[in-house]
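Asker: I'd like to go over a predicted model; first the sequence, then the structure.
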Amino acid sequence: MFRKAMKRVFLFTLLMLLLCSGLSEIAYAQTANDSDTLLGVWWWNNPDSELERLMDFAVSQGVTELYWSAGFTRPYWCENATSAFLFAAYERGIAVYYLTGDWSWIHDDAGLIARLEAFRMWQESAPRAARFAGVHLNVEPHQDPAWRYGDAAVRNALLQGFIDLKVRTTDRFGSTDWSIPFWWRGEDVHRVYYRGELTYLYRAAILEANRVFVMSYRNTAEDMYRISEHYLTFAREVGRPIFLSALVHHGAELETDHHVFYYPFGYTYMMNELIALQKMVDYPALGIAIHEINGWYQMWQRYLAGEDGVSLSKLQRESMYLKLAIQ
């Protein structure tokens with residue numbers, strides 16, 4: 001269903017290329033995700049004037065959930081902007097997760113506790129249509145300055161602090177979603193004590209989180225799969241849900257981090273790579289997440305303007321469309 005919809009996008013694009021004509025607004029309705037695959041997107045703070053446009057775009061792309069960096073400290077009836085956002089998503093059938101995070105919480109979790117207490121107060125005071133679906137935590141231990149200069153012992157201590165923080169959070173507030181990097185592997189520095197047992201951090205994360213979101217930031221299906229394979233294998237073994245994430249990065253150029261960002265390659269290329277990724281993984285509990293809504297929307301605008309992949313050379317574009325045709 002999601003795959004069928006994206007195949008329609010490809011066929012439509014290919015037809016337009018053959019006819020050498022402009023892209024039509026009809027394509028806007030042909031990208032819906034009508035599969036059972038969860039499709040999420042990060043939503044950082046965007047101007048209120050963009051709310052309706054970006055929400056409608058999310059619906060057109062088949063987004064089922066989004067991770068919103070909301071800023072609220074008061075109960076439901078005092079926060080008109082937050083409730084307006086949640087009502088808009090509810091009306092469109094999109095679940096909203098409260099996105100928050102700070103690496104310093106590994107050392108002092110007072111800020112996290114305050115935010116989750118505010119979140120609990122919100123949930124208890126808000127009507128159903130203005131409630132969040134859950135919490136998405138983005139706490140990255142490698143952002144601590146000590147990580148850059150520390151030895152293996154320092155880094156291991158930060159990773160241990162991370163999993164300890166997550167366990168305390170679960171025990172006090174219930175299970176939450178987590179964003180995690182792809183490079184936690186089966187190395188000694190990544191071994192931590194988790195609920196009394198010594199194990200690898202990536203395994204502890206998959207077991208403890210409500211859902212894990214692997215930051216599998218590469219711009220081919222093959223590479224996204226390759227760097228996440230150990231996560232996928234363990235998630236499948238224990239029957240846990242897992243999301244793989246794609247990074248758009250609005251404005252990225254082909255010459256810089258060309259193996260990470262999708263933006264220079266364009267909307268059509270990215271969506272077809274994500275379809276290919278689903279086929280590779282072939283796991284019912286797989287979700288796909290895109291970082292982030294504004295960059296994705298800008299890619300779509302270039303697609304409508306007939307500028308898909310304009311950062312690529314003519315030869316690169318021809319190779320890209322040949323690859324899509326083979327798929």
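Answerer: Happy to help now that I have it. What you see is a predicted model; the values in this text were computed from it and never measured. Residues are numbered from 1 along each chain as shown.
Asker: Return, as residue ranges, the portions of the stretch 51-200 of the chain with sub-threshold pLDDT.
Answerer: Low-confidence segments of the stretch 51-200 of the chain, defined by pLDDT under 70, are located at 73-79.
Asker: in it, which spans are strands?
Answerer: All strands of the stretch 51-200 of the chain, identified by DSSP state E, counting those that start in this stretch, fall at 65-68, 95-100, 134-137, 177-181, 191-194, 197-200.
Asker: Turn those strands into a markdown table, including mean neighbour count and distance to Arg128.
Answerer: Placement of C-beta: from N, CA and C, glycine included. Formatted as a markdown table, the strands of the stretch 51-200 of the chain follow (neighbours: other CB atoms under 10 Å; distance: least, CB to CB, whole Å):
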| stretch | mean neighbour count | distance to Arg128 |
| --- | --- | --- |
| strand 65-68 | 25 | 16 |
| strand 95-100 | 22 | 12 |
| strand 134-137 | 24 | 14 |
| strand 177-181 | 21 | 20 |
| strand 191-194 | 18 | 35 |
| strand 197-200 | 13 | 38 |
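Asker: Nearest to Ile275, out of those?
Answerer: strand 65-68 (18.9 Å; CB to CB).
Asker: what separates that closest one from the chain centre, distance-wise?
Answerer: Its chain's average C-alpha position is 9 Å from that of strand 65-68, according to CA atoms, centre = their mean, to the nearest Å.
Asker: Equivalent analysis for stretch 263-276, please.
Answerer: Averaging C-alpha coordinates over stretch 263-276 and over its chain gives two centres that are 15 Å apart (CA atoms, centre = their mean).
Asker: quick one: which of the strands of the stretch 51-200 of the chain is nearest His258?
Answerer: The stretch from the strands of the stretch 51-200 of the chain with the least distance to His258 (CB to CB) is strand 177-181; that distance is 19.8 Å.
Asker: what lines up beside that closest one in the sheet?
Answerer: Each strand that strand 177-181 pairs with, and the sense of that pairing, follows from DSSP bridges: strand 134-137 (parallel), strand 212-215 (parallel).
Asker: Distance to Gly196 added to those strands, as CSV?
Answerer: Supplementary listing: these in CSV, determined by distance: least, CB to CB, whole Å:
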stretch, distance to Gly196
strand 134-137, 22
strand 212-215, 21
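Asker: between those, which gets nearest to Tyr267?
Answerer: When the strands paired with strand 177-181 are compared by CB to CB, strand 212-215 sits nearest Tyr267, at 20.9 Å.
Asker: and for that closest one, what are the contacting residues?
Answerer: Around strand 212-215, the neighbours that count as contacts under CB atoms under 8 Å, 6 or more residues apart in numbering are 40, 136, 177-182, 205-206, 228, 231, 235, 240-245, 247, 289, 291.
Asker: quick one: the helices in the chain?
Answerer: Listed in chain order, the helices of the chain (DSSP state H) span 2-19, 51-60, 80-91, 110-125, 145-149, 152-173, 201-208, 221-238, 267-281, 293-304, 314-326.
Asker: Among those helices, which comes closest to Tyr194?
Answerer: Using CB to CB, the helices of the chain put helix 201-208 closest to Tyr194, at 3.7 Å.
Asker: Now that closest one: buried residues?
Answerer: Of the residues in helix 201-208, those buried by neighbour count under the rule 16 or more other CB atoms under 10 Å are 201-206, 208.
Asker: okay, now Asp108: neighbour count?
Answerer: Number of residues near Asp108 (other CB atoms under 10 Å) recorded here: 11.
Asker: try Gly306
Answerer: 14.
Asker: just to revisit the earlier point, columns distance to Trp103 on top of the helices of the chain, output as JSON lines?
Answerer: Shown next, in JSON lines, are the helices of the chain (distance: least, CB to CB, whole Å):
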{"stretch": "helix 2-19", "distance to Trp103": "34"}
{"stretch": "helix 51-60", "distance to Trp103": "28"}
{"stretch": "helix 80-91", "distance to Trp103": "25"}
{"stretch": "helix 110-125", "distance to Trp103": "11"}
{"stretch": "helix 145-149", "distance to Trp103": "9"}
{"stretch": "helix 152-173", "distance to Trp103": "9"}
{"stretch": "helix 201-208", "distance to Trp103": "15"}
{"stretch": "helix 221-238", "distance to Trp103": "21"}
{"stretch": "helix 267-281", "distance to Trp103": "28"}
{"stretch": "helix 293-304", "distance to Trp103": "23"}
{"stretch": "helix 314-326", "distance to Trp103": "37"}
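Asker: Nice, that's everything, thank you.
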